[in-house]
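>>> heads up, no residue letters with this:
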């Protein structure tokens, strides 16, 4: 085991305990739009006013509203039209996903590359989550919320990458960096989402999505992320790609046959690409 890993692992865990770990900051617009949406007296105009404070998020929302997934003919020209088309709840979740994208940037080229890789993996999982929720609406899981859950499954890697920016030993030791992220990202993901005051169903995602023996009576967002994550590993040499899918309860709760799940038709492939285009 790398001495760098052992040192970093101990230091980060101590910083978590002391509440002194440097954490990524969720863009202010994300907090404001969520707060506005939670106010029962808020209107679409209130949401639009908050969004207009961040032109980048506004532009992404309009792009999403005009994406192939929305199946619309007329193009939205402004954020007000986008909000009216997608509805308040979907707008909030999509705005959160677009605001999150802004955090995956670093000053170091090495860490920046890692952050982009982390984001791209999250988009892969999120796209599958979106498609699964969309095609299984009877389960009551919202596609936009499912996509947000997918994007957050590996959010715990961000604090480690921020730490690496200040620690040259960790940046220069790929094994130690990979091992630290692997061991700590579920704990850090839960810790981070708690700090950001996310709902319990989303806080559970980074902490539980690798618990392949978890049980439950009803399908939830952890199940969606778990199945989507395993799907993205199909055909790779990752250790989790060798798991016996028939033993993973999430498939049963989502009413998915694990033996045929990997096979995708052209329609599903098209839906996945559309979801990636919208999220990425």
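Ah, there it is. Computed from a predicted model, the values in this text were never measured in an experiment.

>>> Run through the stretch 151-280 of the chain and note the low-pLDDT ranges.
In the prediction, the stretch 151-280 of the chain carries residues with pLDDT under 70 at positions 262-265.

>>> what's the host helix or strand of residue 10 packed up against?
Secondary-structure assignment from DSSP states H and E places residue 10 in helix 3-18. Helix 3-18 sits against helix 157-165, helix 168-171, helix 174-195, with contacts defined as 3 or more C-beta pairs under 8 Å, 6 or more residues apart in numbering; DSSP states H and E. For the C-beta atoms, the positions are set from N, CA and C on the backbone; glycine is no exception.

>>> among those, which is the most enclosed?
Neighbour counts (mean count of other C-beta atoms under 10 Å) averaged over each of those peak at helix 157-165, with a mean of 23.

>>> quick one: the strands in the stretch 1-150 of the chain?
With DSSP state E, counting those that start in this stretch applied, the stretch 1-150 of the chain shows no strands anywhere along its length.

>>> Do you have the helices of it handy? List them.
Listed in chain order, the helices found in the stretch 1-150 of the chain under DSSP state H, counting those that start in this stretch are 3-18, 28-38, 44-51, 55-65, 79-86, 88-101, 109-135, 143-152.

>>> Dump those helices to a markdown table, plus distance to residue 211 and mean neighbour count.
Written out in a markdown table, the entries for the helices of the stretch 1-150 of the chain read as follows (distance: least, C-beta to C-beta, whole Å; neighbours: other C-beta atoms under 10 Å):
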| stretch | distance to residue 211 | mean neighbour count |
| --- | --- | --- |
| helix 3-18 | 20 | 15 |
| helix 28-38 | 27 | 18 |
| helix 44-51 | 35 | 17 |
| helix 55-65 | 31 | 19 |
| helix 79-86 | 33 | 20 |
| helix 88-101 | 23 | 22 |
| helix 109-135 | 16 | 21 |
| helix 143-152 | 15 | 26 |
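
>>> Out of the ones you listed, which is closest to residue 177?
helix 109-135 (7.5 Å; C-beta to C-beta).

>>> and that closest one, what other elements does it pack with?
Helix 109-135 packs on helix 143-152, helix 157-165, helix 221-232, helix 266-279, going by 3+ C-beta pairs under 8 Å, 6+ apart.

>>> In a markdown table: those helices, plus distance to residue 64.
Below are the helices and strands packed on helix 109-135 laid out as a markdown table (distance: least, C-beta to C-beta, whole Å):
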| stretch | distance to residue 64 |
| --- | --- |
| helix 143-152 | 10 |
| helix 157-165 | 23 |
| helix 221-232 | 19 |
| helix 266-279 | 5 |
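
>>> To residue 131, which of the helices and strands packed on helix 3-18 lies closest?
Checking the helices and strands packed on helix 3-18 against residue 131 by C-beta to C-beta gives helix 174-195 as the closest, at 22.6 Å.

>>> just the angle between that closest one and helix 157-165, please?
With axes from the mean of the first three to the mean of the last three C-alpha atoms, to 10 degrees as the criterion, the two stretches helix 174-195 and helix 157-165 enclose an angle of 130 degrees.
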